[in-house]
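Participant: Got a sequence here, can you model it:
(chains A and B)
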Amino acid sequence: MRTEDNIQIEGIMAFIDRDNIDTDQIIPTEYLKSIKKFGYEDYLFDGWRYLDEGKLGVSKTSRKLNNEFILNQPIFMTSKILLARDNFGCGSSREHAVWALRDFGIQVIIASSFGDIFYNNCFKNGLLPINLSRSVIDRLFQLSAQDAQLVKVCLQSRNIYVQGEEFSFNLEDDLADRIINQFDDIDISLKFADKISCFEQDRITKRPWIFYNE
Amino acid sequence: MHSTLYDKLWNEHFVTSFDSGESLIYIDRHYLHEVTSPQAFEGLIKKNIKPWRVDANIATPDHNVPTLRAKSFAIESIDDEISKIQVKELDKNCDLFGIKQFDIKSLNQGIVHVIGPELGYTLPGMTIVCGDSHTSTHGAFGCLAMGIGTSEVEHVLATQCLKISKLKNMRVNFEGIPSPDITSKDVILFLIRTIGVSGGNGHAIEFAGSYIENISMEARMTICNMSIEAGAKVGLIAPDQTTFNYLKRSSNLPRELLTDAIEFWSTLKTDPDAKFDKEITIDVSKIKPQISWGTSPEMVIDFDEMIPSTSTRKENQKNFENARKYMGIKDEKKLSDLKFDRVFIGSCTNSRIEDLRDAAKVLEGKKISKKILQAIVVPGSGQVKKQAESEGLHSIFIDAGFEWRESGCSMCLGMNPDRLSPYERCASTSNRNFEGRQGNLGRTHLMSPKMAALTAIHGKVIGQ
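Facilitator: Okay, the predicted model is just below:
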């Protein structure tokens, strides 16, 4: 993904008016049997998106689509932004939920709160979770109910633009950088390898029972 | 001074901090299973990195393993080709990196959150992670334990650290003496119903109070296990004599080292003057058996209460309508009006020896209802199974009409052959009643092992 694409994200905002959308809904367990990190796009929201039961490896074209589900409606099929309510991504720690959203093409999730583990997983994969107050979320749902909304999310100014309205959000610089530059945390942490080693040596002396039998 | 147990564990493992507000926290123990690890191992191979401290890692396959298997069962015997590949992959990666694995044939194989404590790999004061949200279970020993994603699994393998932000502190005080039919499952379900599934978001929950002090390690594990269902990825309980007695049996530490350890572990508690960002007290004496009616672990009622049709909390009414529709609740007023098809006793929440004893006590000399298509008991580990058999519990289950299975995650998540068919209703001792969790369109009602056993006997929910 090119850097400039990530500073500003513009696209149609899909919306699912539910609280507590758990990661089992985002991607059901069946698809966790895959040992790959990519290729989950057809399984996103599987239980809501299709009328029949799916299996890993069975493609979208041979499935019965639920035409009422938002991501099956032509205008929302290429949505880059998803709007939901409280506690989006609660439940299971499966990073596959983030991979499925990413593989579908979702780059931003806007919600009034997120499950803690899901929130962390987002930043490891360049997906931006935006936390907004319930009243702003209400307003965004109101606008979406009127018409499909083209939304612009600006990472630098931390603003969301919808139909001439502007909403600001908070995001640590470091986390924004991670979305923009797709840094690998392992590379960053290994710069502190000496510090980790020192800490570990000290711990072996202080708490030997943890390292017993090693 | 002024520190909570969580603060102390955090400080004890703090390596360094970043401008983002995140810190590097040293990880003492890393558990792995077949589902969330393959992509992490692939990452290590691509980067040509070896695990930082290979002995910190303990692996076992649990999610995909069939629970109907003979002693001679090998990975090759798994019918589902895709599941087979995943279990094989764990085997291959553990061999490649020299990670200790209790494989599908091992007597010690089991659900990762059951075997860790029982084999003595979980010790108080540790940081413990696993690519599984129910890692909070290990907090019952006074550990800082949490579920992580696969990128973090790779990070921990590579650096022995986790890069995370500190959580806020929350304390839940459970006070009083519960009535005899109440188990820790009822208590934690009651909490989730009270504070909601996001009530603990952003917090580490310490469970305290006279109730906690008086319960066993197994019961404490059930409580900490489901802190994630209350939104808290960390749940923890200060270690005490109950903890030490358990560890004297489970750990293989030489006596001298264990004595030193216990001396340190005894300091792992919240200071009297510590401040919590959130605190609530719950009187457990008033709790009745709790059962979920909907599709979120907060949609819980007393077993004899009316099933709600409107939301009493501020969440949107649509959630309730969706849940009633999904669960096939139309004119039924109470849980006792619903007909059950299957019963599942097992999962990392309720598959330990005490859970099986609880259920067996209810089932002794009884038969399950003819209306029940299938009732299964899935011990959490090979060791739990062995112990239960030595106590004759398996005969009680089998005589009552239950199937007595081999250990694994089983029907908790429908990733192995144990699944619900569409629209089937299940009395389940597991932890999640999400849509499709136990199988496409399956309907889950969470409850304690006692209530699940009673439901098996009567084919519907009934009190004791």
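Participant: State which strand of chain A is the longest.
Facilitator: strand A:8-15 (DSSP state E).
Participant: pull the longest strand from chain B.
Facilitator: strand B:168-175.
Participant: Name the residues of the helix or strand just after that one that come out as buried.
Facilitator: Next along the chain after strand B:168-175, taking DSSP states H and E as the criterion, comes helix B:184-195. For helix B:184-195, the buried set under the neighbour-count rule, 16 or more other Cβ atoms under 10 Å in any protein chain shown, comprises B:S184, B:K185, B:D186, B:V187, B:I188, B:L189, B:F190, B:L191, B:I192, B:R193, B:I195. Just so you know, the C-beta spots here come from the backbone N, C-alpha and C atoms, and that holds for glycine as well.
Participant: do you know how far the third one is from B:E256?
Facilitator: Computed with Cβ to Cβ, to the nearest Å, the distance linking B:D186 and B:E256 is 41 Å.
Participant: contacting residues for residue 30?
Facilitator: Went with chain A since none was named. Residues in contact with A:E30 (Cβ atoms under 8 Å, 6 or more residues apart in numbering or on different chains) are A:Y43, A:D46, A:G54, A:K55, A:L56, B:G414, B:M415.
Participant: I was thinking of chain B, sorry if that wasn't clear
Facilitator: B:H30 neighbours (Cβ under 8 Å, 6+ apart): B:A56, B:N57, B:I58, B:I128, B:V129, B:C130, B:V153, B:V156, B:L157.
Participant: Low-confidence ranges, the stretch 301-450 of chain B, go.
Facilitator: Where the stretch 301-450 of chain B drops to pLDDT under 70, the residues are B:312-316.
Participant: again, only this time at 90
Facilitator: Where the stretch 301-450 of chain B drops to pLDDT under 90, the residues are B:309-319.
Participant: Where do the strands of it begin and end?
Facilitator: Under the criterion DSSP state E, counting those that start in this stretch, the stretch 301-450 of chain B contains strands at B:342-345, B:374-377, B:403-404, B:425-428, B:443-446.
Participant: can you redo those strands as a markdown table with distance to chain A and mean neighbour count?
Facilitator: What follows is the strands of the stretch 301-450 of chain B, written out as a markdown table (distance: least, Cβ to the nearest Cβ, whole Å; neighbours: other Cβ atoms under 10 Å in any protein chain shown):
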| stretch | distance to chain A | mean neighbour count |
| --- | --- | --- |
| strand B:342-345 | 15 | 28 |
| strand B:374-377 | 18 | 24 |
| strand B:403-404 | 22 | 16 |
| strand B:425-428 | 14 | 26 |
| strand B:443-446 | 11 | 27 |
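Participant: of the ones you listed, which approaches A:L150 most closely?
Facilitator: For the strands of the stretch 301-450 of chain B, the distance to A:L150 is smallest for strand B:443-446, at 39.4 Å, taking Cβ to Cβ.
Participant: Report the separation between the two terminal residues of stretch B:50-57.
Facilitator: Stretch B:50-57 has its terminal residues 12 Å apart, counting by Cα to Cα, to the nearest Å.
Participant: Could you list the buried residues of that stretch?
Facilitator: Under the neighbour-count criterion of 16+ other Cβ under 10 Å, stretch B:50-57 has B:P51, B:W52, B:R53, B:A56, B:N57 buried.
Participant: what's the answer for stretch A:198-210, then?
Facilitator: The neighbour-count check on stretch A:198-210 (16+ other Cβ under 10 Å) flags A:F199, A:E200, A:R203, A:R207, A:W209, A:I210 as buried.
Participant: Now do the contacts for B:G125.
Facilitator: A:R207, A:I210, B:L9, B:E12, B:G142, B:C143, B:P239, B:F264, B:W265, B:L268.
Participant: Near the fifth one, how many other residues are there?
Facilitator: B:G142 has 25 neighbouring residues, counting by other Cβ atoms under 10 Å in any protein chain shown.
Participant: Kindly report the same for the fourth one.
Facilitator: With neighbours defined by other Cβ under 10 Å, the count for B:E12 comes to 19.
Participant: Pretty sure B:E206 sits in a strand.
Facilitator: Yes. B:E206 forms part of a strand when assessed by DSSP: H, G, I helix; E, B strand; the rest coil.
Participant: before we move on, back to that, could you list which of the buried residues of stretch B:50-57 also contact chain A?
Facilitator: Restricting the buried residues of stretch B:50-57 to those within reach of chain A (Cβ under 8 Å from any Cβ of the partner chain) leaves B:W52, B:R53.
Participant: Is A:I186 in contact with B:K46, as I believe?
Facilitator: No. At 11.0 Å, A:I186 does not count as touching B:K46 under the criterion of Cβ atoms under 8 Å.
Participant: more crowded one of these two?
Facilitator: Per other Cβ under 10 Å, whichever of A:I186 and B:K46 has more neighbours is A:I186, with 19 against 9.
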